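# Sequence plus the predicted model coming up.
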Amino acid sequence: MKLPIYKADAFTNKLFGGNPAAVCPLEEWLPDELMQQLAVENNLSETVFFVKEGDHYHIRWFTPGTEVKLCGHATLASAHIFYTELGYTNNTILFNSLSGMLKVTRKEEGKYMLDFPSNPPQAIDEVPNGMFEGLGVSPAPVFKTSFDYMVVLPSQKDVEALSPDFKTLATVKARGVIVTAKGDEADFVSRCFYPQSGIDEDPVTGSAHTIMVPYWAKELNKTSMKAIQLSKRKGYLDVELAGDRVLMSGNVVTYMKGEYFI
């Protein structure tokens with residue numbers, strides 16, 4: 001059986017920037033084990049699959065290590081493939097997911113906007129063993145959500161200088177660890193580490209911004225902001241807190257299209 005596959009770089013306007021995702025449209029679901037094997041074979045932070053359901057699509061995301069409940073960059077990449085390769089013409093796409101109904105809207109200047117549920121972090125006092133040791137930082141404010149831990153550092157330079165011990169960081173029981181700070185060229189910056197999920201450092205992480213946006217909106221007293229994820233590939237996001245939703249906009253560039261054989 002031959003099935004289509006696309007690869008696209010999300011949250012960037014240039015090739016080899018942002019976060020690459022493999023996008024795999026399906027007419028019906030493949031076995032879970034097979035989808036996980038395909039994610040391992042693709043060896044990207046996310047491989048995304050979707051199947052049409054009535055007036056919307058059911059979407060699922062797999063890292064090389066596991067299925068995850070929410071992924072922003074692969075959803076953004078999926079929307080781009082809908083509009084550029086699959087003949088989709090409506091201005092909005094609805095995706096049903098493990099995190100509820102998600103919406104993507106086509107915007108001007110080649111951008112797409114994700115509408116995701118907000119995931120405000122809660123401050124904690126008991127920091128997991130291995131957190132600061134794995135990051136190689138002095139104690140700093142730590143927050144937690146249902147997905148990740150988030151550490152707030154004093155400056156962008158501190159975030160840029162991180163060189164984590166991923167073996168130690170992987171012992172922290174969570175999907176991963178977000179590190180963020182107020183930005184120099186943007187309102188806030190971040191880096192995101194997911195060794196627990198098979199990804200040492202994720203280039204750009206939309207789902208992590210559902211955590212950071214409500215935090216920084218309160219800290220900076222503003223709802224519309226610009227964010228940069230400071231991985232080697234870098235990602236650029238326009239973000240907004242809209243009640244209990246987080247809006248994230250960015251560009252996508254197609255890298256390849258082809259077929260896989262199973």
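Okay, I see it. Numbers count the residues shown, from 1 in each chain.

# make it CA atoms for all contacts and neighbour counts henceforth
OK.

# burial measure for residue 147, as a count.
Residues lying near residue 147 (other Cα atoms under 10 Å) number 18.

# Can you list phi and psi of it for me?
phi -100, psi -60 (degrees, to the nearest 10).

# Spit out the contact partners of the residue lying closest to it once chain neighbours are set aside.
Nearest residue to residue 147, sequence neighbours excluded (Cα to Cα, 6 or more residues apart in numbering): residue 175, at 5.5 Å. Residue 175 makes contacts with 147-148, 194, 196-197, as judged by Cα atoms under 8 Å, 6 or more residues apart in numbering.

# for those residues, which one is nearest residue 9?
Checking those against residue 9 by Cα to Cα gives residue 194 as the nearest, at 19.0 Å.

# so what's that closest one bridging to?
Counting by DSSP bridges, residue 194 forms beta bridges with residue 199.

# so how far is residue 108 from it?
32 Å (Cα to Cα, to the nearest Å).

# Among the two, which residue is more densely surrounded?
residue 194 (21 against 6).

# Hmm, residue 201 and that one touching each other?
Yes. In this structure, residue 194 is within contact of residue 201 by Cα atoms under 8 Å, at 6.1 Å.

# Quick check: residue 261 vs residue 5, distance?
10 Å.

# do residue 103 as well
Distance from residue 103 to residue 5, by Cα to Cα: 22 Å.

# Next: residue 174.
30 Å.

# Same check on residue 83?
For residue 83 relative to residue 5 (Cα to Cα), the value is 15 Å.

# Which one's more surrounded, these two?
Between residue 83 and residue 5, residue 5 has the larger neighbour count (other Cα under 10 Å), namely 18 against 15.

# which residues touch the one helix or strand residue 116 maps to?
Per DSSP states H and E, residue 116 falls inside strand 111-117. Residues outside strand 111-117 that contact it (Cα under 8 Å, 6+ apart): 72, 75-76, 79-80, 99, 102-107, 210, 244-252.

# again with stretch 57-72
35-37, 39-52, 74, 94-99, 114, 197-199, 205-207.

# buried set for it?
Using 16 or more other Cα atoms under 10 Å as the test for burial, stretch 57-72 gives 57-65, 67-68, 70-72.
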